[in-house]
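>>> Sequence first, predicted model second:
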Amino acid sequence: MSVLLLSRGLYDELRAHGEETYPHECCGALLGTPGSGGWHVTKVVRAGNTRTDSAHNRYSISPLELVRIERDARQHGLEIAGFYHSHPDHPAQWSKTDFEEAHWLGCVYVITTVAKGKADVTNCFLLSGASEEEKQFQNISIEVRD
């Protein structure tokens with residue numbers, strides 16, 4: 001998989017979520033279908049950031065909310081394609097913590113820099129590898145379609 005495909009509306013929606021939660025990190029899930037070239041996202045699902053200790057630079061989605069999101073995806077014939085979150089006043093690059101807490105092999109992780117309350121750079125990373133011990137993030141392109 002080398003690309004994440006999504007509509008302009010969905011792309012704008014996940015970026016707006018980061019602006020709305022600034023100066024805290026936002027988070028959510030991306031639902032879609034896998035294809036030969038990558039994930040085709042058809043739904044963005046906002047999630048609550050359950051981190052109360054450092055919501056400005058960490059995020060967590062509650063297990064119950066994640067089960068609900070996964071159930072909703074299956075009911076619509078979709079899969080969890082990945083997750084997104086924002087980095088308030090920080091680069092759109094995965095952190096050591098982002099890597100350590102990423103466990104969905106084959107899924108994408110989208111990060112948007114929100115600089116002084118405004119969405120800026122958005123990057124996408126595929127969590128690849130055959131096991132937790134072999135996992136790695138690979139940069140992949142985001143293709144936004146109108």
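Thanks, I have the structure now. Residues are numbered from 1 along each chain as shown.

>>> in the protein, which spans are helices?
With DSSP state H as the criterion, the chain has helices at 8-21, 63-75, 96-100.

>>> So which of the ones you listed is the most surrounded?
Scoring the helices of the chain by mean neighbour count under mean count of other C-beta atoms under 10 Å gives helix 8-21 as the most buried, with a mean of 18. C-beta: built from backbone N, CA, C; applies to glycine.

>>> elements contacting it?
With contacts defined as 3 or more C-beta pairs under 8 Å, 6 or more residues apart in numbering; DSSP states H and E, helix 8-21 has these neighbours: strand 27-34, strand 38-47, strand 79-88, strand 108-115, strand 118-128, strand 136-145.

>>> got those strands as TSV, with mean pLDDT and mean neighbour count columns?
Below are those laid out as TSV (pLDDT from 0 to 100; neighbours: other C-beta atoms under 10 Å):
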stretch	mean pLDDT	mean neighbour count
strand 27-34	97	22
strand 38-47	96	20
strand 79-88	97	24
strand 108-115	98	23
strand 118-128	97	18
strand 136-145	96	14
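
>>> Of all these, which one is nearest S7?
Nearest of the helices and strands packed on helix 8-21 to S7, taken as C-beta to C-beta: strand 136-145 at 5.7 Å.
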